[in-house]
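Chemist: next input, structure requested:
(chains A, B, C and D)
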Number of protein chains: 2
Amino acid sequence: MAAHLGLSPTTVSLVMNRSPAARGIPPETQDRVRAAAEELGYRPNFIARSLRRQRTFAVGVLLPEISEGYAAGVLAGIEDELLQEGYFYLVAGHHSKPDLFDDYLQLLTERSVEGLILVNTPIDEPLPLPAVVVAGHRELTGVTNVAIDHQVAARLALAHLAELGHRRIAFFKGHAHSADTEARWQAIVAASRELGLEIDSRLTLQLSGGPAGEQFSPEEGYREGHVFGRRLIETGARFTALFAFNDISAIGAMRALSEAGLRIPDEVAVVGFDDILSAAFQNPSLTTVRQPLHEMGRRAAAELLRKLAAPDKDSPPAITIEPTLVVRDSTGPAPDRA
Amino acid sequence: MAAHLGLSPTTVSLVMNRSPAARGIPPETQDRVRAAAEELGYRPNFIARSLRRQRTFAVGVLLPEISEGYAAGVLAGIEDELLQEGYFYLVAGHHSKPDLFDDYLQLLTERSVEGLILVNTPIDEPLPLPAVVVAGHRELTGVTNVAIDHQVAARLALAHLAELGHRRIAFFKGHAHSADTEARWQAIVAASRELGLEIDSRLTLQLSGGPAGEQFSPEEGYREGHVFGRRLIETGARFTALFAFNDISAIGAMRALSEAGLRIPDEVAVVGFDDILSAAFQNPSLTTVRQPLHEMGRRAAAELLRKLAAPDKDSPPAITIEPTLVVRDSTGPAPDRA
DNA sequence: GGAATCGGCTAAATCGTTTTAGCATGCTAG
DNA sequence: CTAGCATGCTAAAACGATTTAGCCGATTCC
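Modeler: Numbering: from 1, shown residues only, chains lettered A, B, ... in the order given. You can find the predicted model right below:
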């Protein structure tokens, strides 16, 4: 390129980067360089540039499983934001195996990513690079945690049910090793108090989510929802609505309730959480709290880029995002009111 | 590192890479180097290495949408294979916008990826790098196409139905701009002939899949399945089974059939295609042909690595992978036989 | 005793950029 | 007339590794 023009690499570089130092190069020469670049299809080598500038315009993403709905949704948002800003990303799925966390962290740093985004990945030690966490389990100093606003989520679901006249509501709590379980439950307790609803501990079941460390597959989660749906009936305690921890268990429970002869939503209303694809395809279709995964990803990526641009400015410990309620056919007026 | 040991970078490099030229370096020195590397946490800089060796150990993946089930499933397979072999990958989702194909192809080549994998991405021009295509639309010379074996898929589904006594089978054909539509339909025609089944053109409906170029969202696909289910009944032609083009339309059709008072599987059997997550959660759960997405991804990645390792050896134009039949509750004996 | 070999290393070029410092040349000002 | 300055460019170092060619001293061989 430089040779072809009879100019030095310096000049070419200056022009191509529209560097302020190119002030001293007359417009004609600049045009000549750009024309030649166009003609030869010249594109500066990113690797060489990265080496010299010590910037890769790449970030690393660590998540449990790339094909799983939650992570994939968030990743799509991350991608949108990053590509727009000229960044790329390297992903590694660790299949929830803690040994792999470190291995992949190593590999990513070795490749000189500039920052990290962890999705649903519990980690204890401080991270070697600027990082943002989505659905993080613990708080790490200097690391921003992106999560939905559980207060709002609980209030949306419960206010919807209360408005329909439901007073006796059953709950599926999340499994112990989920990041959201505790926060969500506290929000539910608070919202119930606000709305004057009582929580019956007999109607509060905790999902196991599989043996600690491992994760239930979706089909197993569905099955657990089914079992728990039956168990609710067996308690003998009266309830007119169920707020499940996620759509999968809600769908399993709906099946169990129908099998027991309970009509949905006439006799029992069901609210799920997440708004997975199949929520809309159920019969009846499932009312649920939607997590704006895409936006969570976007915000996480945007915050990371902000950190990279201004490492000194300290960053918020948390970014909370508003969920929305998707009302479908699994909820209706409480039977005693209808 | 070199300075710390009082040795030259050459020696360090030779030892760290276990280069054959390290023959001349005595084991003690080698140990000394490795010990120091361990102690200092020294990891060679990948960028510098890439620049010198002209190898990045990275490949580019182009797909429509990272959060969509098909692509995400394939990508998980790609990832498994690549990470295992020390490669990383850069992904870009083009949202089915042809203008973005070239842009991202540019960006990826600029970043010196060594090869490309295209998933569900129709492209005409020859590619600038070694490439493998999953679910490719056209044949490109030198590019291997990974796809399922449609013959087997059609035979699995139809033999299952025939065995249950079904003779009058309705079909949903794929939309015109899907890579699989034509191949699958031909396979269905062939398998029908083999099994002595007649195809009634009144019972063969073609999905539109949305206005050309754009893609239907899953919810729209579901709705189309619902409409088409009703339309099947309206034809007045007798049928005891439906083989849909995908699970989503099958689920929509099941809904329509139930609403019309037809019991599944007693009066109509339904077979889907893909085995998406919700197939197992339907009521009744959906019998379907499962595409081994993960394996398709793995094979695609493996073939690409093979190409990179031996660019001269010519590669197969296609790799076909066997689907499997997942029998659930939406299929049963034909009514006239039961 | 001199040449050849061997053992243990290293100098220097290279990959393709960016960046700092500065070199000619011509013009202007004092 | 010359110091100073603007103009238009370039030399060379640097980024952090890999790789080729080869140096130097000691031993072996004839």
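Chemist: grab the most central residue of chain A for me.
Modeler: A:Val74 (4.2 Å; Cα atoms, centre = their mean).
Chemist: show me what from the stretch 1-150 of chain A comes close to DNA strand C.
Modeler: Within the stretch 1-150 of chain A, the positions adjacent to DNA strand C are A:1, A:9-10, A:12-14, A:16-17, A:19, A:21, A:24, A:42-45, A:47-49, A:51-53 by Cβ under 7 Å from any atom of the strand. C-beta coordinates here come from the backbone N, C-alpha and C atoms, glycine included.
Chemist: hang on, A:His94 packs against A:Leu100?
Modeler: Yes: in terms of Cβ atoms under 8 Å, A:His94 counts as a neighbour of A:Leu100; the distance is 4.0 Å.
Chemist: near chain B, list only the ones from the residues of the stretch 1-150 of chain A next to DNA strand C.
Modeler: Checking these against chain B by Cβ under 8 Å from any Cβ of the partner chain, the ones in range are A:Arg43, A:Pro44, A:Asn45, A:Ile47, A:Ala48, A:Leu51.
Chemist: pick the one among those residues closest to B:Ala147.
Modeler: A:Arg43 (32.7 Å; Cβ to Cβ).
Chemist: so where do the strands sit in the stretch 101-250 of chain A?
Modeler: Secondary structure of the stretch 101-250 of chain A by DSSP state E, counting those that start in this stretch: the strands cover A:115-119, A:131-134, A:144-148, A:169-173, A:204-206, A:241-243.
Chemist: run through the neighbouring helices and strands of the third one.
Modeler: So that's strand A:144-148. Judged by 3 or more Cβ pairs under 8 Å, 6 or more residues apart in numbering or on different chains; DSSP states H and E, the packing partners of strand A:144-148 are strand A:131-134, helix A:293-309, strand A:318-321.
Chemist: nearest to chain B, of the ones you listed?
Modeler: Between chain B and the helices and strands packed on strand A:144-148, the tightest spacing by Cβ to the nearest Cβ is seen for helix A:293-309, at 7.7 Å.
Chemist: and the closest one, what does it pack against?
Modeler: Against helix A:293-309 (3+ Cβ pairs under 8 Å, 6+ apart) you get helix A:69-84, strand A:115-119, strand A:131-134, strand A:144-148, strand A:318-321.
Chemist: for the ones you listed, which one sits closest to B:Ala35?
Modeler: strand A:115-119 (29.4 Å).
Chemist: partners of the closest one in the sheet?
Modeler: strand A:58-63 (parallel), strand A:131-134 (parallel) (DSSP bridges).
Chemist: and the last one, what's its mean pLDDT?
Modeler: It refers to strand A:131-134. Per-residue pLDDT values over strand A:131-134 give a mean of 96.
Chemist: could I get the full set of helices for chain A?
Modeler: A:2-5, A:9-16, A:27-40, A:46-53, A:69-84, A:98-110, A:150-163, A:181-195, A:218-234, A:247-259, A:293-309 (DSSP state H).
Chemist: rewinding a little: ChimeraX command for the buried members of the ones next to chain B among the residues of the stretch 1-150 of chain A next to DNA strand C?
Modeler: Restricted to buried positions by 16 or more other Cβ atoms under 10 Å in any protein chain shown, the ChimeraX selection for those reads:
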select /A:47,51
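Chemist: including pLDDT and distance to B:Gly209, could the ones next to chain B among the residues of the stretch 1-150 of chain A next to DNA strand C go into a markdown table?
Modeler: What follows is those, written out as a markdown table (pLDDT from 0 to 100; distance: Cβ to Cβ, whole Å):
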| residue | pLDDT | distance to B:Gly209 |
| --- | --- | --- |
| A:Arg43 | 95 | 36 |
| A:Pro44 | 96 | 41 |
| A:Asn45 | 97 | 41 |
| A:Ile47 | 98 | 41 |
| A:Ala48 | 98 | 44 |
| A:Leu51 | 98 | 46 |
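Chemist: which ones, among the ones next to chain B among the residues of the stretch 1-150 of chain A next to DNA strand C, also lie beside DNA strand D?
Modeler: A:Ala48, A:Leu51.
Chemist: related to what we said a few turns ago, compile the helices and strands packed on helix A:293-309 into a markdown table and extend it with columns for distance to B:Asp31.
Modeler: As requested, those are arranged in a markdown table below (distance: least, Cβ to Cβ, whole Å):
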| stretch | distance to B:Asp31 |
| --- | --- |
| helix A:69-84 | 42 |
| strand A:115-119 | 34 |
| strand A:131-134 | 36 |
| strand A:144-148 | 43 |
| strand A:318-321 | 48 |
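Chemist: which one of the ones you listed lies closest to A:Gly252?
Modeler: helix A:69-84 (16.1 Å).
Chemist: domain-wise, how is chain A divided?
Modeler: A:2-44, A:56-148+A:294-321, A:150-291 (automatic domain parsing).
Chemist: and the second one, how far out from the chain's middle?
Modeler: What it means is domain A:56-148+A:294-321. 10 Å (Cα atoms, centre = their mean, to the nearest Å).
Chemist: do the first one as well
Modeler: Centroid separation between domain A:2-44 and its chain, computed with Cα atoms, centre = their mean, is 43 Å.
Chemist: span of it from start to end?
Modeler: 12 Å (Cα to Cα, to the nearest Å).
Chemist: related to what we said a few turns ago, residues contacting the residue nearest to the centre of chain A?
Modeler: By Cβ atoms under 8 Å, 6 or more residues apart in numbering or on different chains, A:Val74 lies in contact with A:Leu63, A:Val119, A:Val134, A:Leu293, A:His294, A:Met296, A:Gly297, A:Ala300.
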